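Chemist: Have a look; sequence and predicted model below, questions after that.
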Amino acid sequence: MVNLAEPKLSLPTYVDSSMLSTWRACRRKFFWAHVNSLYPSGKSVHLIAGGAFAAGMEAARRLAFSTTADRRPTHDDLLEAAFASFLREWGDYEAPESSAKTFTNTFSALAWYLAKYPPETDIVQPLRRPDGSPAVEYTFAIPITEGPRHPETGDPFNFVGRFDLLGSYSGLPCVQDEKTTSALGFSWLHQWDLRGQFMGYIWACQQTGYPDVNMAVVRGIAILKRDFNDAIVPVQFPQFLIDRWYNLLLYDLNQIVEAYNSFTAYPKPDAQWYNLQKTFPYNFADSCSSYGGCAFSTLCLAKDPEPFFSNYVKHRWNPLNKQPVEEL
């Protein structure tokens with residue numbers, strides 16, 4: 001029998017788009033990842049490559065739009081700035097031989113992208129913050145005062161997140177996010193119209209002094225073994241969709257708190273485990289196998305998952321950090 005009381009479980013004091021997506025797809029996965037704080041011990045090449053690419057682009061943009069530089073940076077200057085951040089983010093990770101997203105190939109894709117879209121002449125230009133700095137790597141944490149209170153702290157939950165750029169696209173304010181991928185087919189190009197991630201980003205901008213933002217610009221960079229490709233997809237979200245997203249956020253938070261309170265109402269491990277089946281049920285559907293399979297399928301396949309906890313580390317997801325997980 002799993003002793004769910006050790007170490008003590010807890011509900012995060014914040015929520016982001018990834019957590020909401022997990023909750024809607026599979027409540028048991030939400031429990032494993034965000035209440036029990038389990039994180040797969042292995043590393044994903046897609047997360048490593050995407051994070052390193054984003055870090056490099058951030059550094060290049062900050063240099064390109066710096067107001068203190070004594071001269072306009074060259075492409076080589078941008079690459080030098082990008083490489084230091086890219087290397088720090090990549091670390092000592094070794095990509096699988098079968099993957100196109102190797103260290104060299106991913107940085108080559110970044111260099112190719114910077115050459116094709118120099119920051120100073122790019123179609124998306126950053127807005128300036130009140131202090132004059134470019135709105136690169138826009139981070140937010142907004143209290144959800146209309147939602148339920150955290151069951152342990154009594155404070156409002158915070159909706160948190162970060163995206164690559166708050167800017168202007170053809171004169172219209174927008175959020176921009178770059179996504180590395182393996183292919184840019186029809187399904188990739190047409191998957192964003194109802195993407196809650198971007199509705200959440202836009203809602204956050206509207207709460208933080210940018211009420212006219214209603215567009216997301218999604219930029220895909222396909223990293224292939226012998227070639228690179230890219231696509232730009234601007235998506236406008238009418239305000240009624242943003243309002244629907246916000247109402248669903250409130251509904252989900254209420255459901256999360258209700259499930260957590262119901263689960264923790266039973267102090268004995270045996271009773272908790274029985275109640276877990278009702279409060280954080282399995283999905284047993286597409287979310288178990290989508291995107292290469294769920295990282296927690298080993299636990300869900302086991303009659304007693306506790307012996308398999310050694311395949312995971314105790315981490316708390318923190319989307320405001322450069323490294324989004326921190327060891328507990």
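Modeler: Right, received. Where do you want to start?

Chemist: quick one: low-confidence parts of the stretch 201-328 of the chain?
Modeler: By pLDDT under 70, the weakly predicted segments of the stretch 201-328 of the chain are 266-274, 317-328.

Chemist: how about the nearest residue to residue 107, chain neighbours excluded?
Modeler: Leaving aside its chain neighbours, residue 107 sits nearest to residue 86 (5.7 Å; criterion: Cβ to Cβ, 6 or more residues apart in numbering). C-beta: built from backbone N, CA, C; applies to glycine.

Chemist: correct me, but that neighbour touches residue 111?
Modeler: No - the pair residue 86 and residue 111 does not pass the contact test of Cβ atoms under 8 Å, sitting 10.0 Å apart.

Chemist: So for the two, which residues contact both of them?
Modeler: When contacts are counted by Cβ atoms under 8 Å, 6 or more residues apart in numbering, residue 86 and residue 111 are jointly contacted by no residue.

Chemist: between the two, who's got more neighbours?
Modeler: Here residue 86 and residue 111 are set side by side on neighbour count (other Cβ atoms under 10 Å), and the busier one is residue 86, at 26 against 19.

Chemist: can you tell me the helix or strand for that one?
Modeler: Residue 86 is part of helix 75-90, with elements assigned from DSSP states H and E.

Chemist: now swap in residue 253 and tell me
Modeler: Following DSSP H and E, the helix or strand that holds residue 253 is helix 239-264.

Chemist: Please identify the buried residues of the helix holding residue 86?
Modeler: Of all the residues in helix 75-90, those buried under the rule 16 or more other Cβ atoms under 10 Å are 78-79, 81-83, 85-86, 89-90.

Chemist: Same check on stretch 248-263?
Modeler: Judged by neighbour count (16+ other Cβ under 10 Å), stretch 248-263 contains these buried residues: 249, 252-253, 256-257, 259-260, 263.

Chemist: before we move on, back to that, which strands or helices does the helix or strand just after the helix holding residue 86 pack on?
Modeler: Past helix 75-90, further along toward the C-terminus, the next helix or strand under DSSP H and E is helix 103-116. For helix 103-116, the contact count by 3 or more Cβ pairs under 8 Å, 6 or more residues apart in numbering; DSSP states H and E identifies helix 45-64, helix 75-90, strand 215-223, strand 228-236 as packing neighbours.

Chemist: The last one pairs with which strands, parallel or anti?
Modeler: Looking at strand 228-236 with DSSP bridges, its paired strands and their directions are strand 215-223 (antiparallel).

Chemist: Could you list the buried residues of the partner strand?
Modeler: Applying 16+ other Cβ under 10 Å to strand 215-223 flags 215-223 as buried.

Chemist: any idea which element the residue most central in space within the chain lies in?
Modeler: The centroid of the chain falls nearest to residue 18 when counting by Cα atoms, centre = their mean (5.6 Å). Of the helices and strands defined by DSSP H and E, residue 18 is found in helix 17-25.

Chemist: Neighbours of the spatially closest residue to residue 65 that is not a sequence neighbour, how many?
Modeler: Here the nearest residue to residue 65 in space, its sequence neighbours aside, is residue 134; by Cβ to Cβ, 6+ apart that works out to 4.0 Å. Residues near residue 134, counting by other Cβ under 10 Å, number 21.

Chemist: these two touch, right, residue 134 and residue 63?
Modeler: No - no contact is recorded between residue 134 and residue 63 when judged using Cβ under 8 Å, the distance being 10.3 Å.

Chemist: Extract the CA atoms of the longest strand along the chain and return them as PDB.
Modeler: Ranked by residue count and defined by DSSP state E, the top strand of the chain is strand 158-169. What follows is strand 158-169, C-alpha atoms only, in PDB (Å, rounded to 0.1, in the frame of the first residue of the first chain):
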ATOM      1  CA  ASN A 158      -1.400  33.100  -8.600                       C
ATOM      2  CA  PHE A 159      -1.700  32.600 -12.300                       C
ATOM      3  CA  VAL A 160       2.000  32.600 -13.500                       C
ATOM      4  CA  GLY A 161       3.900  32.100 -16.700                       C
ATOM      5  CA  ARG A 162       6.500  33.400 -19.100                       C
ATOM      6  CA  PHE A 163       6.700  33.900 -22.800                       C
ATOM      7  CA  ASP A 164       9.300  34.900 -25.300                       C
ATOM      8  CA  LEU A 165       8.300  38.400 -26.200                       C
ATOM      9  CA  LEU A 166       5.700  41.100 -25.700                       C
ATOM     10  CA  GLY A 167       5.800  43.000 -29.000                       C
ATOM     11  CA  SER A 168       4.200  44.600 -32.000                       C
ATOM     12  CA  TYR A 169       3.300  42.700 -35.200                       C
END
